[in-house]
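**Student:** coordinates only, no sequence provided:
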């Protein structure tokens, strides 16, 4: 093990931080400083030790695949190079960088300890703290003026899990990023990425962008991680797919079965139920259990999130120029409360989503490209102002919601509507009972258009994406299905005879977001 890494872990676990951030002249705006930070961190050692080899060291935001550029600088561990770059940039080693994160697991805390030691070794002081409360707002607040940052941190450790690869870079458009100042050359590259639905053309544009960002380092990519699906021996997918469980795909849950209990009842246990309220599905479309089993989309996707066919729509099409998209809804669709699910619900949902703060970036891009919409019977027609390369991907993930229950909502207060205490959906399972911060019971929706599900009841316990009780609940037989990106959880689950792990490759990158905006004076 790297000696410095070992000393850091032994010495600094449990350290707290004090809030400190840079003076108005922000040296992180110098790409030489950002490059020095990349060289200073030994990610090979971190992956081999902390991550037990269950991650891939990153050299760009986009994980390996056909869209990946070759010959990128991997910024392999080189503290001498880091010191030289800092000296060249005139680094002020008296300042203390404020590093923030939002994960509550021990692995993240250990990573902060290691980073602090590595950066300290080349002359960069840092403290670290976990964000609480409105994490999204603290990460994403845009500058209030051109010369002052809207955020109060220097570096943020976090993740990007892309629905479409454009998500990795569209957020860097001038005026769209809380931490990356606008750049005309970058904007031109982003425009190229979005100018075609032809994968070959997109590949060339992405590769050029990666080469640009490989020097610019608006984010310092650290590692790519798999998603790990866990299942108990009690359940059987009966041929259902595996894939990227952070989103929605045709996993065939109506055909799943689980061993019956002593009363002959099939009950499956899972997590990602709410603690205080159900989170709406237009930001994170598939992370939470209600979004996955309680709501349907117009289209389906496979495990790799490629659109494959209709769900609420029995037919769909796009014109040759990509500017006219139609969906023909199935007959007789209903919401869980028995009200008809109609084309008007779909149009209302699109119009409302455009006004709701914080929706998925892919959805937002699609909806911004819609010039007009019309309905004739069950047929919805979207007229696009420009080609959207991800329009069918969007509608395989975007869940329409019931207008008759949410039609009076103020979009600015969408998440605060009482509907989110006990929502009504359209999917194969409906809510039977909510005990907030305790459990939610789901039962099959008898009138589901895809046929009634086999499992009699799904009981979900509260958690976010990172469930601190995964190992405890699995060991006690209170967890049959879910997913995790925690290496520690995977190792513990693999050791249980009654649990199995299925790894899934996903577009998922953890990085350091570098705040290059000028900062207000220290407080």
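**Tutor:** Nice, I can see it. Here the structure is a predicted model, which is why all the values come from computation and not from measurement.
**Student:** residue 91 - how many residues pack around it?
**Tutor:** Burial measure for residue 91: 20 neighbouring residues, criterion other CB atoms under 10 Å. C-betas here are computed from N, CA, C, even on glycine.
**Student:** now it: phi and psi?
**Tutor:** Torsion angles at residue 91 (phi, psi; degrees, to the nearest 10) stand at phi -60, psi 130.
**Student:** so what's it scoring on pLDDT?
**Tutor:** Looking at residue 91, its pLDDT reads 97.
**Student:** need the contact list for it.
**Tutor:** With CB atoms under 8 Å, 6 or more residues apart in numbering as the criterion, the residues that contact residue 91 are 27, 33, 36, 123, 124.
**Student:** of those, which belong to helices?
**Tutor:** 33, 36 (DSSP state H).
**Student:** need the contacts of residue 91 in JSON lines with distance to residue 111 and neighbour count, can you?
**Tutor:** Output for these, formatted as JSON lines (distance: CB to CB, whole Å; neighbours: other CB atoms under 10 Å):
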{"residue": "27", "distance to residue 111": "23", "neighbour count": "20"}
{"residue": "33", "distance to residue 111": "20", "neighbour count": "23"}
{"residue": "36", "distance to residue 111": "19", "neighbour count": "27"}
{"residue": "123", "distance to residue 111": "20", "neighbour count": "16"}
{"residue": "124", "distance to residue 111": "16", "neighbour count": "23"}
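**Student:** just give me the least confident of the contacts of residue 91.
**Tutor:** residue 27 (95).
**Student:** quick check: that residue touching residue 86?
**Tutor:** No: counting by CB atoms under 8 Å, residue 27 sits too far from residue 86 to count as a contact (9.1 Å).
**Student:** now do the shared contacts for these two.
**Tutor:** Residues touching both residue 27 and residue 86 by CB under 8 Å, 6+ apart: residue 33.
**Student:** need phi/psi at the residue nearest the centre of the chain.
**Tutor:** The chain has residue 161 as the residue nearest its centroid, 4.0 Å off, counting by CA atoms, centre = their mean. When read as degrees, to the nearest 10, the backbone of residue 161 gives phi -110, psi 100.
**Student:** who's it bridged to?
**Tutor:** Note on residue 161: beta-bridge partners by DSSP bridges are residue 508.
**Student:** what's near enough to touch it?
**Tutor:** The contact partners of residue 161, by CB under 8 Å, 6+ apart, come to 246, 506, 507, 508.
**Student:** of those residues, which pair is most distant in space?
**Tutor:** With CB to CB as the measure, no two of the contacts of residue 161 lie farther apart than 246 and 507, at 9.8 Å.
**Student:** with adjacent residues omitted, what lies nearest to residue 499?
**Tutor:** residue 493 (4.8 Å; CB to CB, 6 or more residues apart in numbering).
**Student:** related to what we said a few turns ago, between the contacts of residue 91, which is nearest residue 194?
**Tutor:** Using CB to CB, residue 33 is the member of the contacts of residue 91 that lies nearest residue 194, at 30.3 Å.
**Student:** now the strands for the stretch 151-300 of the chain?
**Tutor:** Listed in chain order, the strands of the stretch 151-300 of the chain (DSSP state E, counting those that start in this stretch) span 155-161, 219-224, 227-232, 235-236, 257-258, 267-273, 299-301.
**Student:** dump those into CSV; add mean pLDDT and distance to residue 459 as well.
**Tutor:** Listed next are the strands of the stretch 151-300 of the chain as CSV, based on pLDDT from 0 to 100; distance: least, CB to CB, whole Å:
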stretch, mean pLDDT, distance to residue 459
strand 155-161, 93, 27
strand 219-224, 96, 33
strand 227-232, 95, 13
strand 235-236, 97, 13
strand 257-258, 98, 11
strand 267-273, 97, 5
strand 299-301, 95, 26
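**Student:** of those, which is nearest residue 63?
**Tutor:** The nearest among the strands of the stretch 151-300 of the chain, by CB to CB, is strand 219-224 at 4.3 Å.
**Student:** now do the buried residues in the closest one.
**Tutor:** For strand 219-224, the neighbour count (16 or more other CB atoms under 10 Å) marks 219, 220, 221, 222, 223, 224 as buried.
**Student:** out of the contacts of residue 91, which is nearest to residue 400?
**Tutor:** residue 33 (46.7 Å).
**Student:** residues contacting the closest one?
**Tutor:** Residue 33 is in contact with 27, 85, 86, 89, 91, counting by CB under 8 Å, 6+ apart.
**Student:** which two in these are spaced the farthest apart?
**Tutor:** Largest pairwise distance in the contacts of residue 33, by CB to CB, is 11.5 Å, between 27 and 85.
**Student:** sorry, back to before: mind putting the strands of the stretch 151-300 of the chain in TSV, distance to residue 476 included?
**Tutor:** What follows is the strands of the stretch 151-300 of the chain, written out as TSV (distance: least, CB to CB, whole Å):
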stretch	distance to residue 476
strand 155-161	29
strand 219-224	32
strand 227-232	11
strand 235-236	16
strand 257-258	16
strand 267-273	10
strand 299-301	34
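**Student:** closest to residue 79 out of those strands?
**Tutor:** Across the strands of the stretch 151-300 of the chain, residue 79 has its closest neighbour in strand 219-224 (15.3 Å, CB to CB).
**Student:** tell me the helices and strands packed up against the closest one.
**Tutor:** On a contact count with 3 or more CB pairs under 8 Å, 6 or more residues apart in numbering; DSSP states H and E, strand 219-224 meets helix 31-40, helix 43-49, strand 56-57, strand 508-514.
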